[in-house]
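>>> Quick check, what structure comes out for this input:
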Amino acid sequence: MGHVRVRIRLANPGRRRPVVDVDDALVVTGATLSTVPRALADQLKLQVLGQHTTRTAAGVLTLDQSYALFEYDGRRTVTPIWISDTYPGILIGVVTLEALGLAVDPASGELKNSEFLLLSIFAR
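I've put the predicted structure just below:
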């Protein structure tokens, strides 16, 4: 399938500006959370909420956690993110994809609509 790259808009959900347009965010279906580089997190003045240790392509790293507003094709969501000191690009993980109601179509390598689900285990 190759790499899926998309144009997205990022912002700090607690502020109106700045808003950053990214032409080549990489969609990574093997990543749980989305990741932004430290310089972009600083530019958007994203609040660090804590740290989390996770396995990355660069090995096991402890990354700062935050949250950001993502916009793609008119859809908007706020999702948790990691802030990277090693990867210079934007990685879009499955939590962000699902929050936007999107999935990767393996046949075309493009994003497609995905169904939102709500399950009630107490349904009678």
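
>>> pLDDT at R75, what is it?
We have a pLDDT of 95 for R75.

>>> what's around it, how many residues?
Number of residues near R75 (other CB atoms under 10 Å) recorded here: 12. All C-beta spots, glycine's among them, are computed from the backbone N, C-alpha and C.

>>> Distance check, the spatially most central residue of the chain against R5.
In the chain, the centroid-proximal residue (CA atoms, centre = their mean) is S34; its distance is 3.0 Å. Distance, S34 to R5, using CB to CB, to the nearest Å: 14 Å.

>>> A11 too?
Where R5 is concerned, A11 sits at a distance of 20 Å (CB to CB).

>>> Settle it for me: which of the two has more neighbours?
Between A11 and R5, counted using other CB under 10 Å, the more crowded position is A11 (19 against 16).

>>> Strands of the chain, start to end?
Ranges of strands in the chain, per DSSP state E, are 4-11, 19-27, 34-37, 50-56, 59-72, 75-84, 91-92, 102-105, 110-113.

>>> Report all helices and strands that the fourth one contacts.
With contacts taken as 3 or more CB pairs under 8 Å, 6 or more residues apart in numbering; DSSP states H and E, strand 50-56 sits against strand 59-72, strand 75-84.

>>> okay, the shortest one in PDB with CA atoms only?
The one in question is strand 75-84. Only the C-alpha atoms of strand 75-84 are listed here, as PDB (Å, rounded to 0.1, in the frame of the first residue of the first chain):
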ATOM      1  CA  ARG A  75     -13.800  17.200  10.000                       C
ATOM      2  CA  ARG A  76     -12.500  18.300  13.400                       C
ATOM      3  CA  THR A  77     -11.500  16.500  16.600                       C
ATOM      4  CA  VAL A  78      -9.400  17.000  19.700                       C
ATOM      5  CA  THR A  79      -7.300  14.000  20.500                       C
ATOM      6  CA  PRO A  80      -4.400  13.000  22.800                       C
ATOM      7  CA  ILE A  81      -0.900  13.200  21.200                       C
ATOM      8  CA  TRP A  82       2.700  12.500  21.900                       C
ATOM      9  CA  ILE A  83       5.400  15.200  21.500                       C
ATOM     10  CA  SER A  84       8.600  13.900  19.900                       C
END
